[in-house]
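Student: my questions concern the predicted model and sequence given below.
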Amino acid sequence: MTRFLGLLAVILFGPTLAQAGERVALVVGVGQYENTAPLANPERDATAVAAALEEAGFEVSLHLNVTQREFGGAMFAFQRALDGAEAAVFYFAGHGIQIDGSNYLLSADAVVDNPLLVDQDGIELSRIVEFMESRAKTSIAIIDACRDNPLANALIADAGLAGRSAGAGRGLAPITREFANSMVVFATAPGAIAYDGTDENSPFTEALLRHINTPDVEVSVMLKRVTNDVLEETDGAQRPEVIASMAREFYFIHNEINAAGEVVVINPSSDEGAAANLLTVAQQMPAGASREAGLALVVERFPETAAAAMARQLLDSSRVAVVAAPPQAPAPEAAEEATGPFDRTLLGALDVDAAREAAAVQRAAAMTPEEREAALGLEEADVIRIQTTLNAMGYDLGTADGAFGPKSREALRLFQLRARVPQTGFLDTATIEALLAAFDAAPKTYDGTWRLTISREWLHDDSAGFAKAGERQVISSLTLEARDGRFAIRDFQIPTVEPDDPFADFRATYDDTGRVRISGRVSTHFKDPNHQVAKLVELSTELQLPQIMPVRNSIETQANRIDGSLRFHVALARQN
């Protein structure tokens, strides 16, 4: 055991291994624009991403609120640092604009009053990607720059630009040229607007930070998880876009096996990396007390990691298997003297218990989800309690009847997705622990902070080609404070034409049963040559909240139509 704990200390606190090749990153965040209202989150987003990239072994250069001259200087230094780099990452948070199909990332002193001079207001994205791919083996550009942009909106609204081939567009343009061993990641789809967010980070960057340093997850798989989180967080209103031409796999943090057969964690300073390394060592220890101590240490030191979840399952499976094992015959006493050519004392010294326990752990690791659920030994009353809890938290599975049918399995998968445990649709110890934790953490009243998102859905293709049927666009986002049966507006964002007195007649109430009623007039059109004055349309809808609404969960409903061609959608998400 002493040797085992000493080995753990070396893993946890020993020197960091060098990267196989140099990793270089430039991170830029611009929130304090001189010629338009500031953005709340880009500086925090960029700072957090820079820290995550440093954790993944990148040499990071962080720049905040840069002028055009400073932006160009940072780019020039980045370009020189890329020669021979194994990997290059560029991240930008702030405002962007598309002019004649080209995307420009705007500096803090951008004016954007003339499309012919836009190269003095920002740097063209394709130029950045081109010099990255010409110097580094793998290049990744991550652009959280489609936030609602008053500078772009003003340029679009200029009647003098209407009908010209070289015009400005809302959001960013799609990339049509092909790159080599490069990837460009946009926070939202071409032409769409991304949320800046009401929390510490934008929804896209928050999801990126959650997944970017998960060990052994290839970048394309990681970005699918980011996309899923953003869709869930924004109720489907924002979908990240990934353009990739990658001939090789890339991992931000990757565990490898070296020539000596030892596990090498590319970045053991990461909690996920250190936990994964520690779990590997624990599993290599002899079965019994030593292995259990190692697994317990993973859970104790890194409780929120994927490795800790696996360690808990191995511990629980081991205990289940040991309880189910048949009684063991007492070991024969050693003979005083050896008889014949074999020494009986050698047989008596074998650790039979450890061998049985090792076999039980191996069987548990190979169990199917169905077998893990069966091993829990749940009775009908236990299943009813679990179903009742899921129903109360808004996972509508129907009647709590004590049997896991298709609706119960689907509700379990949705809960597992949100709880970030394996999505099997079957119960296991990790799912039950996550359910208990979510229930305990969920507020037990409706009072608190909520986010109301109002979007419009096109019911038919727009004749002007602006949108297709089924496409949604966010038109209002409000932060609400719930108290004494009423929702009061604490803050709001309106990407459409803003009226003189927004939400003057807005009314939102709730009762003890969770019934929510919302009414008021909402600005429904984005500013363009045909819409210079806010057009207010009456919104009226009702929602039914679950009995217990966990933080970050949301509920959505359709509302009334707008002009016959559009329909309101309303989503209400719990913030605290």
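Tutor: Thanks, I have it.
Student: just list the residues touching residue 87, thanks.
Tutor: Residue 87 makes contacts with 21, 23-24, 58, 136-140, 250, as judged by Cβ atoms under 8 Å, 6 or more residues apart in numbering. For glycine as for every other residue, the C-beta is placed from the backbone atoms N, C-alpha and C.
Student: so which of these is surrounded by the most neighbours?
Tutor: Neighbour counts for the contacts of residue 87 (other Cβ atoms under 10 Å) peak at residue 139, which has 27 neighbours.
Student: give me the number of residues near the nearest residue to residue 252 once chain neighbours are set aside?
Tutor: Distances taken as Cβ to Cβ, 6 or more residues apart in numbering put residue 56 closest to residue 252, at 4.3 Å, once the chain neighbours are dropped. Counted with other Cβ under 10 Å, the neighbours of residue 56 add up to 24.
Student: residue 183 reaches residue 143, doesn't it?
Tutor: No: here residue 183 lies out of contact with residue 143, judged by Cβ atoms under 8 Å, at a distance of 11.2 Å.
Student: more crowded one of these two?
Tutor: residue 143 (25 against 22).
Student: quick check: beta-bridge partners of the more buried one?
Tutor: Counting by DSSP bridges, residue 143 is bridged to residue 92, residue 186.
Student: please identify which helix or strand holds residue 489.
Tutor: Assessed by DSSP states H and E, residue 489 sits inside strand 486-493.
Student: and for residue 371?
Tutor: Using DSSP H and E, residue 371 falls in helix 369-375.
Student: extract the CA atoms of that helix and return them as PDB.
Tutor: Output in PDB follows, covering the C-alpha atoms of helix 369-375 (Å, rounded to 0.1, in the frame of the first residue of the first chain):
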ATOM      1  CA  PRO A 369     -26.700  -1.600 -19.000                       C
ATOM      2  CA  GLU A 370     -29.600  -4.000 -18.500                       C
ATOM      3  CA  GLU A 371     -27.500  -6.200 -16.200                       C
ATOM      4  CA  ARG A 372     -26.300  -3.200 -14.200                       C
ATOM      5  CA  GLU A 373     -29.900  -2.200 -13.600                       C
ATOM      6  CA  ALA A 374     -30.900  -5.700 -12.600                       C
ATOM      7  CA  ALA A 375     -28.000  -5.900 -10.200                       C
END
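Student: from residue 237, how far off is residue 439?
Tutor: Counting by Cβ to Cβ, to the nearest Å, the separation of residue 439 from residue 237 is 28 Å.
Student: neighbour-wise, which of these two wins?
Tutor: Neighbour comparison, residue 439 and residue 237: the larger count goes to residue 237, with 25 against 15 (by other Cβ under 10 Å).
Student: so that one touches residue 453, yeah?
Tutor: Yes: with contacts counted by Cβ under 8 Å, residue 237 reaches residue 453, the gap being 6.5 Å.
Student: hey, what's in contact with both of these two?
Tutor: Shared contacts of residue 237 and residue 453, counting by Cβ under 8 Å, 6+ apart, come down to 474, 571.
Student: how many residues are close by residue 484?
Tutor: Counted with other Cβ under 10 Å, residue 484 comes out at 8.
Student: with adjacent residues omitted, what lies nearest to it?
Tutor: residue 447 (7.9 Å).
Student: how many residues are close by that neighbour?
Tutor: Residue 447, neighbours per other Cβ under 10 Å, totals 14.
Student: now the one 3 residues further on
Tutor: The local packing count at residue 450 equals 24, with neighbours defined by other Cβ under 10 Å.
Student: would you say it is within a strand?
Tutor: Yes: under DSSP: H, G, I helix; E, B strand; the rest coil, residue 450 sits within a strand.
Student: quick one: it and residue 486 touch, right?
Tutor: No: with contact defined as Cβ under 8 Å, residue 450 does not count as touching residue 486 (11.7 Å).
Student: next, residue 242: secondary structure please.
Tutor: Per three-state DSSP, residue 242 ends up strand.
Student: ignore what I typed, I meant residue 225.
Tutor: helix.
Student: just residue 189 next, same as before
Tutor: Under three-state DSSP, residue 189 comes out as coil.
Student: what's the local residue count around it?
Tutor: 17.
Student: show the pLDDT at it.
Tutor: pLDDT, residue 189: 78.
Student: how about residue 331?
Tutor: Taking residue 331 on its own, its pLDDT is 47.
Student: what's the answer for residue 284, then?
Tutor: Value listed for residue 284 in the pLDDT field: 61.
Student: secondary structure class for the nearest residue to residue 536 once chain neighbours are set aside?
Tutor: Residue nearest to residue 536 in three dimensions, not counting chain neighbours: residue 521, with 4.0 Å by Cβ to Cβ, 6+ apart. Under three-state DSSP, residue 521 falls in the strand class.
Student: what about residue 521, distance to residue 560?
Tutor: 12 Å.
Student: compare the two (neighbour count), which wins?
Tutor: residue 521 (17 against 11).
Student: who's that one bridged to?
Tutor: residue 538.
Student: low pLDDT regions in the stretch 101-250 of the chain?
Tutor: By pLDDT under 70, the low-scoring segments of the stretch 101-250 of the chain are 113, 115, 117, 146-180, 191-199.
Student: so where do the helices sit in it?
Tutor: 125-133, 150-157, 203-211, 219-233 (DSSP state H, counting those that start in this stretch).
Student: can you list the ones you listed in CSV and add mean neighbour count and distance to residue 114?
Tutor: Shown next, in CSV, are the helices of the stretch 101-250 of the chain (neighbours: other Cβ atoms under 10 Å; distance: least, Cβ to Cβ, whole Å):
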stretch, mean neighbour count, distance to residue 114
helix 125-133, 20, 20
helix 150-157, 19, 9
helix 203-211, 23, 30
helix 219-233, 19, 34
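Student: in a markdown table: the ones you listed, plus distance to residue 406.
Tutor: Listed next are the helices of the stretch 101-250 of the chain as a markdown table, based on distance: least, Cβ to Cβ, whole Å:
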| stretch | distance to residue 406 |
| --- | --- |
| helix 125-133 | 46 |
| helix 150-157 | 47 |
| helix 203-211 | 29 |
| helix 219-233 | 22 |
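Student: among those, which is nearest residue 501?
Tutor: helix 150-157 (19.2 Å; Cβ to Cβ).
Student: so which elements touch the very next helix or strand once past the strand holding residue 489?
Tutor: Next in sequence after strand 486-493, counting helices and strands by DSSP H and E, comes strand 507-510. Judged by 3 or more Cβ pairs under 8 Å, 6 or more residues apart in numbering; DSSP states H and E, the packing partners of strand 507-510 are strand 486-493, strand 515-523.
Student: sorry, back to before: and the residue nearest to residue 252, its phi and psi?
Tutor: With angles defined as degrees, to the nearest 10, residue 56 sits at phi -90, psi 10.
Student: for residue 213, see how far away it is.
Tutor: For residue 56, the distance to residue 213 - Cβ to Cβ - is 6 Å.
Student: residue 458 now?
Tutor: Distance, residue 458 to residue 213, using Cβ to Cβ: 38 Å.
Student: same thing with residue 314?
Tutor: Distance from residue 314 to residue 213, by Cβ to Cβ: 23 Å.
Student: got the domain ranges for this structure?
Tutor: 29-245, 257-324+350-365, 377-441, 448-574 (automatic domain parsing).
Student: tell me the most buried of these?
Tutor: domain 29-245 (a mean of 20; mean count of other Cβ atoms under 10 Å).
Student: follow-up on the earlier one: nearest to residue 573, out of the contacts of residue 87: which one, please.
Tutor: Using Cβ to Cβ, the contacts of residue 87 come closest to residue 573 at residue 140, 29.9 Å.
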